[in-house]
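Q: sequence and predicted structure are below.
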Amino acid sequence: MNFSFDHLVWFHHKPENAIRPLSEQGIYVAQGGRHESWGTYNTLSYFGLNYIEFLGIEDLSIAEQHEENRLITQIVEQLAKENREGPAKIAIRTNQINELAIKLRNDGHKVYGPLPGQRETTAGEVIRWTLLFIEDHSNELSFPFFIQWEKSDSERLSGFKEQGILGRHSGGSSKFESVGFVVRDLERTIKIWGKLLNLTPSEEFRDELIDARCQTLELPGTNLLFCTPLGKGPAEKVLHDRGETPFLVNVSQANQNSFFEWLNGYWRIQ
């Protein structure tokens, strides 16, 4: 079964407010659209087919009605009730979502879906997809969810080019290199995720900038970087304040070198 990285979901009270501060760092963020039936809306930063979604709540009364869509239950809990912005969950792309649902159930996971989803863009286009969620275990890193788009990868990429939303970062060929997760038990977590995605972990290495020991799962599109703190650096701060979570965006080929904290997450641009 083939998987590719699709996107990182970043909870934000006002997704439109991501546009200016990131543009000042050379990262282009486009207007997204509304998920009318979920009570949410977004802005988006594309790196080819891989992207970062800044997701906010537009109508809490609608969002609170959802139970099967675990992303919406998470944003209601984390953003509306706990007032916690920041990177929250990743989506993995597949073209076999029905078969995957059966496999996950057979492997003993509790799953939600497949569930239909759609959003209307600011131009009035309706984009459709299907979602699949795995039940999370409390106090551990939130599992990825899975997405299958109505259109093929090539159709979507052509559409992005026509809309002019690609190549808009200051480094025209900027790449969403990896997303970092902070975890308490590196070996256990990467073993679980490696089995889930049928990927072999890299050798362990030390990341001096975030003061952590790390391993990588090389996923097509954007790699997954798992890190356990070694000292009192950024990784330890996030783990202490927020628990196990996505926390770091690594962007390469950006024609600059910067590292900064913004809205409960870190950005390394190089």
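A: Perfect, thanks for sending it.

Q: from His66, how far off is Leu225?
A: To His66, Leu225 is 30 Å away according to C-beta to C-beta, to the nearest Å. Where C-beta positions appear, they are placed from N, C-alpha and C, glycine not excepted.

Q: more crowded one of these two?
A: Leu225 (24 against 18; other C-beta atoms under 10 Å).

Q: residues in contact with Val29?
A: If you count contacts by C-beta atoms under 8 Å, 6 or more residues apart in numbering, Val29 has them with Ala18, Ile19, Leu22, Ser23, Thr43, Leu44, Ser45, Phe54.

Q: who wins for neighbours among the residues you listed?
A: For the contacts of Val29, the largest number of neighbours (other C-beta under 10 Å) sits with Ser45, at 28 neighbours.

Q: host element of that residue?
A: If you go by DSSP states H and E, Ser45 is part of strand 40-47.

Q: contacts for that strand?
A: By C-beta under 8 Å, 6+ apart, the surrounding residues in contact with strand 40-47 are 15-16, 18-19, 22, 27-35, 51-58, 63, 72, 75, 119, 160, 165-166, 169, 174-176, 222, 251.

Q: out of the residues you listed, name the ones that lie in helices.
A: Ile19, Leu22, Ala63, Ile72, Ile75, Phe160 (DSSP state H).

Q: okay but the last one is in contact with Ser154, surely?
A: No - between Phe160 and Ser154 there is no contact under C-beta atoms under 8 Å: 10.9 Å.

Q: between the two, who's got more neighbours?
A: Phe160 (18 against 9).

Q: looking at this, Ser158 is in a strand?
A: No - residue state for Ser158 (DSSP: H, G, I helix; E, B strand; the rest coil) corresponds to helix; a strand is not indicated.

Q: enumerate every residue touching it.
A: Shown in contact with Ser158 (C-beta under 8 Å, 6+ apart): no residues.

Q: relative to Arg93, how far out is it?
A: Distance of Ser158 to Arg93, given as C-beta to C-beta: 17 Å.

Q: then Asp207?
A: 26 Å.

Q: same deal with Thr189?
A: Applying C-beta to C-beta, the value for Thr189 to Arg93 is 21 Å.

Q: can you pull the buried residues of stretch 62-73?
A: For stretch 62-73, burial by neighbour count (16 or more other C-beta atoms under 10 Å) applies to Ile62, Ala63, His66, Asn69, Arg70, Leu71, Ile72, Thr73.

Q: which residue, other than its chain neighbours, is closest to the third one?
A: Just to be clear, that refers to His66. Using C-beta to C-beta, 6 or more residues apart in numbering and skipping residues adjacent in sequence, the residue nearest His66 is Ile72, 4.2 Å away.

Q: any figure for the gap between that neighbour and Trp10?
A: 15 Å.

Q: what of Leu49?
A: Distance of Leu49 to Trp10, computed by C-beta to C-beta: 18 Å.

Q: so which of the contacts of Val29 comes closest to Glu125?
A: Closest to Glu125 out of the contacts of Val29 is Leu44 (13.5 Å), distances taken as C-beta to C-beta.

Q: measure that closest one to Thr245 for me?
A: On the measure of C-beta to C-beta, Leu44 and Thr245 end up 21 Å apart.
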